[in-house]
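Participant: take this sequence and fold it.
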Amino acid sequence: MNEPNDDYQDDDLERRERVRRRTRVEGIEVAYETALSVCKDPKSTSQARSNAARTLLEIGGMLNRSDRNDEKPSGKELHEMTGEELATYKRQLETDRRRIDAVIKSTSTGGAFG
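Facilitator: Numbering: from 1, shown residues only. As a prediction, the model looks like this:
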């Protein structure tokens, strides 16, 4: 049986890591600029603006809670929190929801970014 070529595997891993780094730097910038231009374009459909707004919120870490350092104010699971910690977490979630609702409403009327 043929043994795998370690040099090829090393080259492949290095190439993949270079692509990942470029994606994290250049790709995120392109995604951001593209989504922003869709939101600002008055000719974009409301669905396109809504999708672009969601992408912007995801890039900013507002929808992907795992990207945020303050996911839970106490760092605890819900069943481990005190009543006060639960109330704080609830207020945080309500604030996030209001922000998201405002973006969705303004993009559906064409007013968020333009």
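Participant: all contacts plus neighbour counts: C-alpha atoms, from now on.
Facilitator: Noted.
Participant: which stretch of helix or strand covers M62?
Facilitator: Per DSSP states H and E, M62 falls between elements, in no helix or strand.
Participant: dihedrals phi and psi, it?
Facilitator: Backbone geometry at M62, expressed as degrees, to the nearest 10, gives phi -80, psi -20.
Participant: distance of it from T107?
Facilitator: According to C-alpha to C-alpha, to the nearest Å, M62 and T107 sit 16 Å apart.
Participant: check R18 too.
Facilitator: 36 Å.
Participant: the two: which is more packed in?
Facilitator: Between R18 and T107, counting by other C-alpha atoms under 10 Å, T107 is the more crowded of the two (24 against 12).
Participant: check which helix or strand that one maps to.
Facilitator: Assigned by DSSP H and E, T107 falls in helix 83-108.
Participant: so which bits of that helix are buried?
Facilitator: In terms of neighbour count (16 or more other C-alpha atoms under 10 Å), helix 83-108 has its buried residues at E85, L86, Y89, I100, V103, I104, S106, T107, S108.
Participant: now the two most distant members of the residues you listed.
Facilitator: E85 and S108 (34.8 Å; C-alpha to C-alpha).
Participant: ok, now how distant is the residue nearest the centre of the chain from A35?
Facilitator: Central residue of the chain (C-alpha atoms, centre = their mean): E58, 2.0 Å from the mean position. According to C-alpha to C-alpha, E58 and A35 sit 11 Å apart.
Participant: try V19
Facilitator: For V19, the distance to A35 - C-alpha to C-alpha - is 21 Å.
Participant: looking only at neighbour counts, state which of those two leads.
Facilitator: Between V19 and A35, A35 has the larger neighbour count (other C-alpha under 10 Å), namely 21 against 13.
Participant: check contacts around that one.
Facilitator: Residues in contact with A35 (C-alpha atoms under 8 Å, 6 or more residues apart in numbering) are A52, A53, T55, L56.
Participant: in helices only, show me these.
Facilitator: Judged by DSSP state H, helices contain the following of the contacts of A35: A52, A53, T55, L56.
Participant: shaky segments in this protein?
Facilitator: Applying pLDDT under 70 to the chain picks out residues 1-7, 64-74, 108-114.
Participant: okay, now T23: neighbour count?
Facilitator: Using other C-alpha under 10 Å, T23 has 14 neighbouring residues.
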